[in-house]
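Asks: Mind folding the following:
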Amino acid sequence: MFIPKANRIAVFSYLFKEGVCVVKKDSVSPTHPQIEGCTNLEVMCLMKSLNSKGYIRITFNWMYNYCYLTAEGIDYLRTYLALPESIVPNTHKKAAGRPEGRDRESGDGDRKYSGGEGGGRPAFRSGGDREYRGTRGGFGRGGGGQDE
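Replies: Now for the predicted structure:
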């Protein structure tokens with residue numbers, strides 16, 4: 001299929017910028033939702049071509065193709081788009097540190113059960129006081145359901 005160079009560059013630059021691309025398996029859709037100016041069929045054909053060369057890997061699930069760049073694909077797109085080595089896809093960037101706020105490790109355990117004795121756990125978990133159960137068992141086999 002003939003794909004105009006402007007559309008090819010738009011798809012490749014989007015793929016390189018994000019590192020992933022989602023393509024719905026819909027060949028009659030007039031546009032791709034994330035890439036301007038390209039039809040969905042053009043994006044599907046380009047992803048299929050890149051997959052056959054080993055530049056991306058495709059996971060298909062529920063009528064969607066999830067395309068992930070490989071290391072060879074990053075090198076290929078970097079040379080095709082004439083990008084420097086310092087630019088990397090968003091999926092390969094280091095995640096920022098933990099946002100400021102409370103520190104999870106300095107907490108006193110479970111916030112849901114933070115009152116009372118026994119480590120803040122209800123009686124049924126720790127086997128503590130059994131006043132809510134009673135002294136007799138329940139119904140069923142050996143439950144002590146009859147008075148003697």
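
Asks: Strands of this protein, start to end?
Replies: Taking DSSP state E, the strands of the chain run over residues 20-24, 56-61, 64-69.

Asks: Can you list the buried residues in the shortest one?
Replies: Of the residues in strand 20-24, those buried by neighbour count under the rule 16 or more other Cβ atoms under 10 Å are 21, 23. C-beta: built from backbone N, CA, C; applies to glycine.

Asks: what's the neighbour count on Leu15?
Replies: 26 (other Cβ atoms under 10 Å).

Asks: Sorry, slip of the keys, the one I care about is Lys93.
Replies: Lys93: 9 neighbours (other Cβ under 10 Å).

Asks: Repeat that for the one 4 residues further on.
Replies: A count of nearby residues for Gly97, using other Cβ under 10 Å, gives 6.

Asks: Quick check: it vs Val43, distance?
Replies: For Gly97, the distance to Val43 (Cβ to Cβ, to the nearest Å) stands at 35 Å.
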